[in-house]
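In: Need a 3D model of the following:
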Amino acid sequence: MKHTYTITGMTCNGCRTSVEDKLNAINGVLNASVDLEKAEAHIEMASHISISEFQKALPDKYSISENNISTPSEVKEKKSELKQLFPLFLIFGYITVAAVLLNYKPWNGTEFMLDFMGLFYIVFSFFKFLDLKGFPESFKMYDPLAKVMPVYSWTYPFIELALGIMFLMRIQIPLALIITLVILGITTIGVIKILLNKKTIQCACLGTALKLPMTKATFIENSIMIVMAIIMLVKTYN
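Out: Predicted coordinates:
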């Protein structure tokens, strides 16, 4: 018998190989092959093997569930989407409060947006630098440009860092806004495609240090930055 399972927590080919080896080592498994991009495992077994046995064989960072089936007795209880995304919301909250405090007296909406965008890039690039080796593999799973140009995924954290400095130091703001629209626009296209296909993959927005699922929140996060960039460009050229 052969079944297809969803695997979450994989970020690179090293993860894929590790999961595949662990599954193949289980007694009763005839053959297990893992697809990193689809986050799936195709397992052929001599007789039925429970989800709990598969999960027990895998490290805690990985979670396995049968496609379209999720029972409390078989599947390790998943965190709610809100709880999984708590680190993202917390970081957004800190960035927003910091940008407000920098500009509340007197209030300046334009300066607030520039500081918000600068802090956004600085903080998000920091998390990507924590695992500079693992980030490219995760990022190219959904970013269209990173898929065809691997070097782009390696340079992306540096691009974010440079943009953060440009916004905070008020250096070439129109150029920084245009670059923001381009890179986040490309990423958003990939995010939309993943959401429409209902694939379960890890979002690389905060690197690989924090395990965040690709959700609508990721789309909203990019959209906020894109809207701010458009508003600022309109103000600049009006």
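
In: contacts, neighbours, all on C-alpha from now
Out: Noted.

In: residues touching Glu44, list them.
Out: Contacts for Glu44 (Cα atoms under 8 Å, 6 or more residues apart in numbering) come out as 1-3, 29-32.

In: Just give the number of residues close to Met232.
Out: Met232 has 19 neighbouring residues, counting by other Cα atoms under 10 Å.

In: Just give the nearest non-adjacent residue to Glu160, would you?
Out: Sequence neighbours aside, Tyr121 is the residue nearest to Glu160 in space, at 5.2 Å (criterion: Cα to Cα, 6 or more residues apart in numbering).

In: Does anything pack onto the helix or strand hosting the one you found? Which helices or strands?
Out: Element membership for Tyr121, per DSSP states H and E: helix 109-129. Where contact means 3 or more Cα pairs under 8 Å, 6 or more residues apart in numbering; DSSP states H and E, helix 109-129 is packed against helix 86-103, helix 150-169, helix 216-236.

In: what's the span of stretch 42-62, first residue to last?
Out: By Cα to Cα, to the nearest Å, the extent of stretch 42-62 from end to end equals 16 Å.

In: pLDDT of that stretch, averaged?
Out: Mean per-residue pLDDT for stretch 42-62: 86.

In: Which positions in that stretch come out as buried?
Out: Within stretch 42-62, the residues that qualify as buried are 42-45, 51, 54-55, 58, counting by 16 or more other Cα atoms under 10 Å.

In: quick one: low-confidence ranges for this structure?
Out: Applying pLDDT under 70 to the chain flags the ranges 68-82, 199-215.

In: quick one, domains of this structure?
Out: Listed by automatic domain parsing, the domain ranges of the chain are 2-66, 81-236.

In: Need the residues that contact the longest helix along the chain.
Out: For the chain, the helix that runs over the most residues, judged by DSSP state H, is helix 173-197. With contact meaning Cα under 8 Å, 6+ apart, helix 173-197 is reached by 142-145, 163, 166-167, 214-216, 218-219, 222-223, 225-226, 229-230, 232-233, 236.

In: Now, of the residues you listed, which are buried?
Out: Buried residues within the contacts of helix 173-197, defined by neighbour count using 16+ other Cα under 10 Å: 142-145, 163, 166-167, 214-215, 218-219, 222-223, 225-226, 229, 232-233.

In: okay, now Pro157: neighbour count?
Out: Each residue near Pro157 was counted by other Cα under 10 Å, and the total is 23.

In: For it, which non-adjacent residue is spatially closest?
Out: Nearest residue to Pro157, sequence neighbours excluded (Cα to Cα, 6+ apart): Ser125, at 5.1 Å.

In: Could you list which residues are in contact with that neighbour?
Out: Contacts of Ser125 (Cα under 8 Å, 6+ apart): 157-158, 160-161, 206.

In: Quick one: distance of stretch 114-132 to the chain centre.
Out: Centroid separation between stretch 114-132 and its chain, computed with Cα atoms, centre = their mean, to the nearest Å, is 14 Å.

In: Quick check: buried residues in it?
Out: Within stretch 114-132, the residues scored as buried using 16+ other Cα under 10 Å are 114-129, 132.

In: Could I get the CA-only coordinates of that stretch as CSV?
Out: Taking C-alpha atoms only, stretch 114-132 is exported to CSV below (Å, rounded to 0.1, in the frame of the first residue of the first chain):
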residue,chain,number,x,y,z
LEU,A,114,9.9,55.9,6.2
ASP,A,115,11.0,54.8,9.7
PHE,A,116,8.5,51.9,9.6
MET,A,117,9.9,50.6,6.3
GLY,A,118,13.5,51.1,7.4
LEU,A,119,12.9,49.2,10.7
PHE,A,120,11.0,46.5,8.8
TYR,A,121,13.9,45.8,6.6
ILE,A,122,16.6,46.0,9.3
VAL,A,123,14.7,43.6,11.6
PHE,A,124,13.6,41.1,8.9
SER,A,125,17.2,41.0,7.4
PHE,A,126,18.6,40.3,10.9
PHE,A,127,16.5,37.1,11.2
LYS,A,128,17.6,36.0,7.7
PHE,A,129,21.3,36.5,8.6
LEU,A,130,20.8,34.1,11.5
ASP,A,131,20.8,31.3,9.0
LEU,A,132,22.3,32.7,5.9
